[in-house]
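Structure of the sequence below:
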Amino acid sequence: MIPLLTRRMQKFASQDCQLVDRDQFCRLLLGFTHMERLDDPVNDMRGLRDLETGKVYLIDRAKLAGISIHWR
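Numbering: from 1, shown residues only. This is a model prediction of the structure:
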């Protein structure tokens, strides 16, 4: 099985994707640009796709919820 971080990096490299922070994701969601939800539950990512350009904006589900995870 491929580790989660590796799967996310492959997805990011394979498409016209941009990782965004929570504030930017919310601005995109509430803005005037036509977006559609494009979640990736396998990789635990939430996303939006710009319907005009096809660009995908992704954020980690935990970061969107404001959950901070510290690994030791």
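
is it true that Lys63 touches Val20?
No: the pair Lys63 / Val20 is not scored as a contact, 9.4 Å apart, by C-beta atoms under 8 Å. (C-beta placed from N, C-alpha, C; glycine too.)

Give me the below-cutoff pLDDT ranges for this protein.
Scanning the chain with the threshold set as pLDDT under 70 gives 1-2, 4-5, 8-9, 11-15, 67-72.

Mind jotting down where the strands sit in it?
Along the chain, counting by DSSP state E, strands occupy 17-19, 35-37, 45-50, 56-60.

now the longest one, how far from the chain's geometric center?
Read it as strand 45-50. 5 Å (C-alpha atoms, centre = their mean, to the nearest Å).

With the first one instead?
Here the centre of strand 17-19 is set off from its chain's centre by 7 Å, with C-alpha atoms, centre = their mean.

list the helices and strands that strand packs on?
Here strand 17-19 touches strand 56-60, going by 3 or more C-beta pairs under 8 Å, 6 or more residues apart in numbering; DSSP states H and E.

And the contacts of the strand it packs on?
With contacts defined as C-beta atoms under 8 Å, 6 or more residues apart in numbering, strand 56-60 is touched by 11-12, 15-22, 24-25, 28, 38, 40, 44-50.
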